[in-house]
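Novice: predicted model follows, preceded by the sequence.
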Amino acid sequence: MTNSLTAYGPMGDGAMVLIRAEQTTDVEAIRAVTAAAFRSAAHSAPPVTPGGDPGEATLVSWLRDDPAWIHELSLVALEDNAVIGHVLCTRAHLDGEDALGLGPLSVLPERQGTGVGSALVHAVLAAADGQGERLVALLGEPGYYGRFGFVPAREVGITAPDPSWGDYFQVRTLSGYEGKGGTFRYAEPFDRL
């Protein structure tokens, strides 16, 4: 996945977008896209430093420096060679066994609603499945993520890190899933927000 490009397009507005693995030169652009996307989001993490970027932008940096980081599952969407979106999955655990946590998913506000986010989610789920992963979990809007096969985690016997998340904590099983439930735990940096 690192050197391959996958075209998704045209998007809802006719633009061609390419999805590829993050490169070192993308780091600043990813932070800018994540900050912009979550600055206008109804539910975003507060800034880590007063007046700073939304917490999600800092979270991506923390995850990049954590053992949970999986380079092949940090993908960018490019339009005219500029980063307009980003998604990542990091190592998580389900009762001590490997799983993945998806997020943050970020798309520049002016490109939201055009299919860029959907292309990123489809690409990262396909890459995770291709690597033999068994399950991806996330905290997000059920109406949006349901279209990708995510269901409330409780429906498959999986407990959220925080029970108050209710149906917003969702899972998507992959071909490696063995039907086991349990308690989900994100990578440690998520606990800092």
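Specialist: Okay, I see it. Numbers count the residues shown, from 1 in each chain.
Novice: can we go C-alpha only for contacts and neighbour counts from here?
Specialist: Will do.
Novice: list the contacts of Asp95.
Specialist: Going by CA atoms under 8 Å, 6 or more residues apart in numbering, Asp95 touches 182-185.
Novice: strands of the protein, residue ranges please.
Specialist: 6-8, 17-21, 74-79, 82-94, 97-107, 135-139, 151-152, 158-159, 169-173, 182-185 (DSSP state E).
Novice: turn those into TSV, including mean neighbour count and distance to Thr49.
Specialist: What follows is those, written out as TSV (neighbours: other CA atoms under 10 Å; distance: least, CA to CA, whole Å):
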stretch	mean neighbour count	distance to Thr49
strand 6-8	15	36
strand 17-21	22	29
strand 74-79	23	25
strand 82-94	24	23
strand 97-107	22	19
strand 135-139	24	23
strand 151-152	22	32
strand 158-159	20	31
strand 169-173	24	27
strand 182-185	19	25
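Novice: between these, which one is closest to Pro67.
Specialist: Nearest of the strands of the chain to Pro67, taken as CA to CA: strand 82-94 at 8.1 Å.
Novice: the inter-axis angle of the top helix by length along the chain versus strand 135-139?
Specialist: Ranked by residue count and defined by DSSP state H, the top helix of the chain is helix 116-130. Angle between the axes of helix 116-130 and strand 135-139 is 150 degrees (criterion: axes from the mean of the first three to the mean of the last three CA atoms, to 10 degrees).
Novice: which strands and helices lie in contact with helix 116-130?
Specialist: Applying 3 or more CA pairs under 8 Å, 6 or more residues apart in numbering; DSSP states H and E, one finds that helix 116-130 contacts strand 17-21, strand 74-79, strand 82-94, strand 97-107.
Novice: can you tell me which helices and strands the first one packs against?
Specialist: Which is strand 17-21. strand 6-8, strand 74-79, helix 116-130.
Novice: just the CA coordinates of it, formatted as CSV?
Specialist: Provided in CSV are the C-alpha atoms of strand 17-21 (Å, rounded to 0.1, in the frame of the first residue of the first chain):
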residue,chain,number,x,y,z
VAL,A,17,-9.1,12.2,-6.0
LEU,A,18,-6.2,9.8,-5.4
ILE,A,19,-5.8,7.8,-2.1
ARG,A,20,-2.4,6.7,-1.0
ALA,A,21,-0.5,6.0,2.2
